[in-house]
Structure formats: structure tokens, C-alpha cells
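**Q** Let me see the structure of the following:
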Amino acid sequence: MSFGDPNNPYGQQPQAPQGPYGQQPPVPQQGQPGYGYPQQAPQQQPYGYPQQQAVPQQQAYGYPQQGAAYGQPGMPGMGMPTGYASWGARLGAFLLDGLIIAAVPIILYIIAGVMAASSVSSPDYSSCQTGDYTCMQNAANDAAASSTPVGAIIMIALAWLLMIGGTFFLIAKEGSSGQTPGKKALGVKVIKEATGQPLGFGMTFVRYLCRYLNGLLCGIGWLWPLWDDKSQTFADKLAGSVVVSVK
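**A** Numbers count the residues shown, from 1 in each chain. Here you go, the predicted model:
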């Protein structure tokens, strides 16, 4: 008479081995379902198990990318610095900006000159005696005063105001974006050397004031970028700025 398995004399069903406390018992491996059978959904990890780290997704197209620090090569077409601007490009941008803000004032000055010339009158010395230089001087002053019409004075004042306003316009544009219309046309940009960002209105105004130092010693400050390692003028060195080329 056989009593079955000597290790299981009472005929109990074998139980799966228990795992450590709090863990699920191991699941026996099964083969892949055959073709046409429904696929099983991936099982989620039990509560308490460490979750797997998700792979970071790449940044979606169209989102702003992290910019490279100044000094690293930029990507063409992205407005990144590609090196210090040449002296010729800086000169061209300076002349173009000057032409933009001075075009209308020059026309007004010409109109004022024509108006003044058309009203010129000769001094009347008929009432002056021979040798009376005081009378002659007064007559000349009266003729000069009457030959400058009010319209010409208004034109000159308006031209002066436009020049001042145009200068502040250039300072504001350069301070906010680093580029004036002339600099943008020539592909150059003024940035702060330490940060690579535009100077702001205040420091740009200081930089414009320091331009007068460039004219000292026969204008050598304007020529200094020709041999300077960073292509800086005296004004650039004082303001801590550099002029770079951008694509």
C-alpha cells in the first residue's frame, strides 16, 4: 500500500514558495503568446517597489533652445556671435546710422539757408556820415537781423531737435537689442563683454559719451580696433563692451 510522497504524507497540494515579507511570489515565466492571440498588458510594478526612471524626452521643436555662452562658435542664421566685427563693418554701420538720423535735418538746414539767402538785404549807409563807424556797424547789424526770417530760424531749431531725438533713438535701440539700424544692416552687434548681453540704455549712453575720447590724439581711439586683440575703441574699453559679428 503506497502512501504517496513520503515528504507529503497527507496528500496536500504543493504551494508556491513564499517570498520575503511584503513582496509578491515569483511568477513563472511563460512563453510569448502565439500569433493572433491577444497581447497581455504590461504589468505595473507593485506598490512599494522603486519606480524606473523615465528617459528624458528631447525638447520639442519650436521651443527656445539653451543659448551658448559668449566665446563659443555660434550657429549661422541663429543671430549668434561669430567673432569680433571688422573695423570696416563698424565704420560702415556708423556712417549708415549717421545718414539715417541726419538726412531730414540736412534737408531742413538747406531750406533754412535758402530762405535766409533770399531775404538778404544790403546795409543802408545813407544816414551815416563819413567816418562814423558806429553808425555803419548798426546799419550792418540791422540788415543782418532783417535778412534772417523767422521761418529759417524755426527750420534750424527743428533740425537740431531731430538730430537730438535721432541720437537718443539709436541709444535706445542699441541698449535694448545691441543693434541700431546701421549695425543690423552690416551684421554687427554691441554686447557686454562679461555677460554677452546688450548694455542697456544707461551704459549705452555712457558709451556714446565716451566716444569723444576716441577723437583725442588725432582720432587714434577710432583706429584702435585695427590692432587691438578684441577690436575695442577707447569707449568700448571704458564701457566694457565688444562689437561682434552676427549671422
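**Q** need the contact list for the residue nearest to Val190 when sequence neighbours are not counted.
**A** In this structure, Val190 finds its nearest non-sequential neighbour in Gly178, 5.0 Å apart by C-beta to C-beta, 6 or more residues apart in numbering. For every residue, glycine as well, the C-beta is placed using N, CA and C. Contact analysis of Gly178 by C-beta atoms under 8 Å, 6 or more residues apart in numbering lists Lys189, Val190, Ile191, Pro198, Leu199.
**Q** And the pLDDT for the last one?
**A** Turning to Leu199, the model gives it a pLDDT of 95.
**Q** Quick check: pLDDT value at Ala117.
**A** pLDDT, Ala117: 77.
**Q** ok, and for the helix or strand harbouring it, which residues are buried?
**A** In the assignment (DSSP states H and E), Ala117 maps to helix 87-118. In terms of neighbour count (16 or more other C-beta atoms under 10 Å), helix 87-118 has its buried residues at 87, 89-90, 92-94, 96-97, 100-102, 105, 108-109, 111-112, 115-116.
**Q** for Leu186, phi and psi?
**A** The phi/psi pair for Leu186 (degrees, to the nearest 10) reads phi -90, psi 0.
**Q** Correction: the previous question concerned Ser245.
**A** Dihedral angles (degrees, to the nearest 10) for Ser245: phi -90, psi 140.
**Q** Tell me the spacing between it and Leu91.
**A** Distance, Ser245 to Leu91, by C-beta to C-beta, to the nearest Å: 14 Å.
**Q** same question, Gly202
**A** Noted for Gly202: a distance of 26 Å to Leu91, by C-beta to C-beta.
**Q** do Ala172 as well
**A** With C-beta to C-beta as the criterion, Ala172 and Leu91 are 22 Å apart.
**Q** now Gly178
**A** Here Gly178 is placed at a distance of 18 Å from Leu91 (C-beta to C-beta).
**Q** ditto for Ile110
**A** Taken as C-beta to C-beta, the span from Ile110 to Leu91 is 26 Å.
**Q** looking at this structure, which helix or strand is least sure?
**A** Sorting the helices and strands of the chain by mean pLDDT, DSSP states H and E puts helix 133-146 at the bottom, at a mean of 73.
**Q** helices and strands around whichever helix or strand comes after it, which ones?
**A** Sequence-wise, the next helix or strand downstream of helix 133-146 (DSSP H and E) is helix 150-177. Judged by 3 or more C-beta pairs under 8 Å, 6 or more residues apart in numbering; DSSP states H and E, helix 150-177 is in contact with helix 87-118, helix 201-214.
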